[in-house]
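Participant: here is a sequence with its predicted model. Questions after.
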2 protein chains.
Amino acid sequence: MTFEIFEKSQYVALGDAIDLSHHLSILARNRVQSPLKGLQRYFGKPGILSLAGGLPHPSYFPFDKIKVDALASDTFSVDAHGSGSKGTLSWIWSLLSNSKDNIMPISIPKYPMNPEDVNLAAALQYGLAKGLPQLQTIVHEFSMTVYNPAYANFATTLHDGNTDGWNKAVMTLCNPGEGILTSEWTYPSAIASMKPFNVNPVPVGMDGEGMSSISLREVLSNWDEEARGMPRPHVMYIVPVGQNPTGATMHAQRKKEIYDICVVYDVIIVEDDPYYFLQEGPYVHPAQRSSSSTSNPPALSDSDEDYIKSLAPSFLSFDYQGRVVRLDTLSKTIAPGSRLGWFTCNPIFAEKFERQSETSTQQPCGFGQSIITEMLLNWKSTGYLRWLKGLCAQYTQRRDFFIDCLVEKFHIEIAPAAQQTRFIGSERYIASEKLPVTWYSNEKTQERRALFSFVPPSSGMFVWLQFNFANHPKIKEFGQEALEIKLWKATAEAGLLVGPGAMFSANQDEVSFDAPGHFRISFSNAGTDDLKKAVDILAAVLKAFYAN
Amino acid sequence: MTFEIFEKSQYVALGDAIDLSHHLSILARNRVQSPLKGLQRYFGKPGILSLAGGLPHPSYFPFDKIKVDALASDTFSVDAHGSGSKGTLSWIWSLLSNSKDNIMPISIPKYPMNPEDVNLAAALQYGLAKGLPQLQTIVHEFSMTVYNPAYANFATTLHDGNTDGWNKAVMTLCNPGEGILTSEWTYPSAIASMKPFNVNPVPVGMDGEGMSSISLREVLSNWDEEARGMPRPHVMYIVPVGQNPTGATMHAQRKKEIYDICVVYDVIIVEDDPYYFLQEGPYVHPAQRSSSSTSNPPALSDSDEDYIKSLAPSFLSFDYQGRVVRLDTLSKTIAPGSRLGWFTCNPIFAEKFERQSETSTQQPCGFGQSIITEMLLNWKSTGYLRWLKGLCAQYTQRRDFFIDCLVEKFHIEIAPAAQQTRFIGSERYIASEKLPVTWYSNEKTQERRALFSFVPPSSGMFVWLQFNFANHPKIKEFGQEALEIKLWKATAEAGLLVGPGAMFSANQDEVSFDAPGHFRISFSNAGTDDLKKAVDILAAVLKAFYAN
């Protein structure tokens, strides 16, 4: 790997916060004539007797053993549309407690026979920010195998979930007054993490694959520091798979284009990729669906190698310069309450993230680390991949069920070619009200009003509806955004909560009133009845809303 | 309570970071004409169907149940010097796996019969920064009962351990370029957390009770902004019980004095109190020890009320203005790997800390929260206090054993009155080499060289040795600090690691070469053999060191 940006760049693309370090090392560095320099080498020396730290003895941890009924890695079918108890609607079936044959019992003693086994004496003690040794190995091998970074000496180190990871990245990579490149519609929490440091989003235009490389080049090449009030950004925040909120997924060619632009303009790419394993594949319209050709995600039943190859590549796989910081989280693949994830990045950044953890979160919770580590050790890597395949099949069912409800409740037409974006996974669907068929009219010939359009997502948890308020009788009076809020309130009053589009705008200061109204709707959590009910509420609200 | 500082003060004693907020609320606030204002009220409305958030369904969490063999709350004797298996040296005995009769089995299902019970479906989901509802209740009642804040509407909210809590306090309460009042010897990690934000320690002199109120008033009343290069500090960091590194404990009168000064100068007190329940009581010299009068900590065998009354009061109990932020951690009372603790403070600060958590750590790990909550619910409050009493008795044994080793290995004299500090808990001990007794000399008449002095601590985990380098043959050549480092290296080379005093100096930029050398020695973790061996190493190294 080349560390070009760190060795040659004219400006150092790192914030003051990069001086974070810990205890002896920070104290030694902060002093001109450091008397403490060189003392670190004694710490951790084998055989040395240490009375240096304030560590309680593990006999004082009030736990002897943790036993967990974990689920087997093949709990969910990999066939999103197969039959049988683990097939269609198994996510309803599985609401009930799991049956005995799905249970994989694991156990974590305080003092195991083999002291190198996962144990509570170590996991519940003060530990390394980078994680339990066994978990370090697991995540490093996982990143190596699945994301295939383009250089050998990449590093992995734990964080407390991607919100924590992103917060640390902002603090380490940015100085106050700088900007961060984001998609024009983006995860609001990512913006909320920057603002307190006076770091602000710089929106980049999007198309059907997420961030547009054309727009990115425009923003960077035309940068006017004075007009913008900030230097050209040197950090990018991006959710490349199942983008939040649009659901867009970026494939290899676009990623390569964006990476190459980032090389030219010396931009560090922070890849926040929680939905990576929810690559559900293209949605197939029910009319085109046959028993042999479902919208089953590809490769779920294939070998591990083929499955990994079927996934959109990570930015890491293009990263010959070490300018990608990938954030992985277990929130969508194991459980959000794990508050556990990891950075994959160059070793210089990794060391800074560790120093930062040492003075804030210290290390992820030992209960979580030990339970998850032991489960992954029991599943083994192929078992974890099996779990991810089963999970993906579940989300594919959910996605298909919810889109099917929309297709059923509304009149759907495929948008003409001119209105199609280069959205991978599906064509844009235009939804209008289903009209009553009477003796004097048939549905096809009646004039219909397009209510909203959407692209069935090929990944993730979200459907991003774009409203056609141009058809609203009061568009001139209120404008797009006011109509969005009115519609959102009417929907909420009718008993359905969705994410209002304006919440996801990276145009913080001036909401563009030309931007069409949007809703972000999540199909990740509700049951089938509720998903169906939500679509019914939406249809009823829209009918009243456009009539007004 | 009066919120005098927030309503009346001339400067707002809060950093920019206080503008932290989350999602809708931050977005709404950041826009001049906010279309999103008022939308929050719909979120969490009972009965409303939400497809707004990206929450996975709990059936996708690969855990059915967690079963924990916790320890009974009376595992350790409350008698530090009693006999029997749970008495003296039970901390050795307890190294072995716990016997069956100490085990308290607890269980956390994913879907309990009573949905209000602690359960994995909720604990492993995205949750509130302030914590699981059951744990919120526990910590709030605990703060109320044990710390007795001087106002009614105090708030409690969780953090990921005191390092995280302190980091959040710095970010929320300070702006870059400001200073924080600390004791002149202090916890280095607390300083390492400030430095990246360009917030620097302002050392305050200490005596035997920790921070000196006289020195504090001097620092604040003589503040010269220009000479100091920063405004008068408005935040204080203090470890009032078993202070790190000196072991000093501050009692009620001093706390009241310091609080009153903070009222005058509008200083927010951040009380970092991890050793609060390790109040071991005064050390009694073996010569004065009788079977009836041991150095047993007071009140361990008394009622809960009397036990609580016997503890040094928290700054909260004086806090009629809401200017104290107390940091509690479970690191020393349950396990460091818990990464769990809580703020007790006024509700305005608490809300800011919650917002800050939402954009960084989100919530403490759900595995840890649920396991600890279920254990505390099983122990009940009296059981947790019983656990704390037993733990305190254990540390009292450890403290006594280690000091006894020093007393045995060195010739100890009580310092003359003029050299005594107002150290609560014990008098200052002066240690010199034990001299050989021959036919022509007896030990008492020989001239002896004082090597170091110390005050046996009445709380915590640390003994703070102060070396008498004035007696060293090369003091003029090297000076105090160089000798400290030489001695530290010699000790490490001989196989013993301790904390070098310079590491704990709040005088970051210029180490005072007049300051005497110190070692911080921890008795919290090692076994009796190792504690004894450590004293032997120290004695041998000192003998060679002073001879040189």
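Facilitator: Nice, thanks for sending it over.
Participant: how about the contacts made by the nearest residue to residue A:517 once chain neighbours are set aside?
Facilitator: Spatial nearest neighbour of residue A:517, chain neighbours left out: residue A:484 (3.1 Å); criterion: C-beta to C-beta, 6 or more residues apart in numbering or on different chains. Just so you know, the C-beta spots here come from the backbone N, C-alpha and C atoms, and that holds for glycine as well. By C-beta atoms under 8 Å, 6 or more residues apart in numbering or on different chains, residue A:484 lies in contact with A:467, A:469, A:500-502, A:517-518, B:35.
Participant: so which of these sits lowest on pLDDT?
Facilitator: Least confident entry in these, by pLDDT: residue B:35, with 54.
Participant: burial count for the residue of the stretch 51-200 of chain A found nearest chain B?
Facilitator: Residue nearest to chain B within the stretch 51-200 of chain A (C-beta to the nearest C-beta): residue A:124, separated by 3.6 Å. Neighbourhood size, residue A:124 [other C-beta atoms under 10 Å in any protein chain shown]: 30.
Participant: that one reaches residue A:62, doesn't it?
Facilitator: No. At 9.7 Å, residue A:124 and residue A:62 do not qualify as touching, with contact defined as C-beta atoms under 8 Å.
Participant: which neighbours do those two share?
Facilitator: By C-beta under 8 Å, 6+ apart, the residues touching both residue A:124 and residue A:62 are residue B:335.
Participant: picking that back up, and which of the contacts of residue A:484 is nearest to residue A:397?
Facilitator: Nearest to residue A:397 among those, counting by C-beta to C-beta, is residue A:518 at 24.9 Å.
Participant: how many residues are close by residue A:41?
Facilitator: 8.
Participant: pLDDT at it, what is it?
Facilitator: Looking at residue A:41, its pLDDT stands at 73.
Participant: am I right that it sits in a helix?
Facilitator: Yes. Residue A:41: assigned to a helix according to DSSP: H, G, I helix; E, B strand; the rest coil.
Participant: one step back: now the residue of the stretch 51-200 of chain A closest to chain B: phi and psi?
Facilitator: phi -100, psi 0 (degrees, to the nearest 10).
Participant: how about the contacts made by residue A:468?
Facilitator: Taking C-beta under 8 Å, 6+ apart, we find residue A:468 in contact with A:430, A:449-453, A:516.
Participant: er, residue A:205 actually
Facilitator: A:184, A:211-212, A:214-215, A:218.
Participant: dump those into CSV; add neighbour count and distance to chain B as well.
Facilitator: Listed next are these as CSV, based on neighbours: other C-beta atoms under 10 Å in any protein chain shown; distance: C-beta to the nearest C-beta, whole Å:
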residue, neighbour count, distance to chain B
A:184, 20, 15
A:211, 29, 20
A:212, 21, 24
A:214, 13, 28
A:215, 16, 23
A:218, 13, 25
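Participant: among those residues, name the ones in strands.
Facilitator: Of the contacts of residue A:205, the ones assigned to strands by DSSP state E are residue A:211.
Participant: rewinding a little: residues touching the residue of the stretch 51-200 of chain A closest to chain B, list them.
Facilitator: Contacts of residue A:124 (C-beta under 8 Å, 6+ apart): A:58, A:61, A:63, A:366-367, A:370, B:335-338.
Participant: if we use 10 Å, what do you get?
Facilitator: Residues in contact with residue A:124 (C-beta atoms under 10 Å, 6 or more residues apart in numbering or on different chains) are A:56, A:58, A:60-63, A:66, A:108, A:110, A:365-367, A:369-370, B:331, B:334-339, B:368.
Participant: please enumerate the strands of the stretch 351-500 of chain A.
Facilitator: Under the criterion DSSP state E, counting those that start in this stretch, strands of the stretch 351-500 of chain A are mapped to A:411-414, A:429-432, A:450-454, A:462-467, A:496-497, A:499-500.
Participant: fine by me, thanks again.
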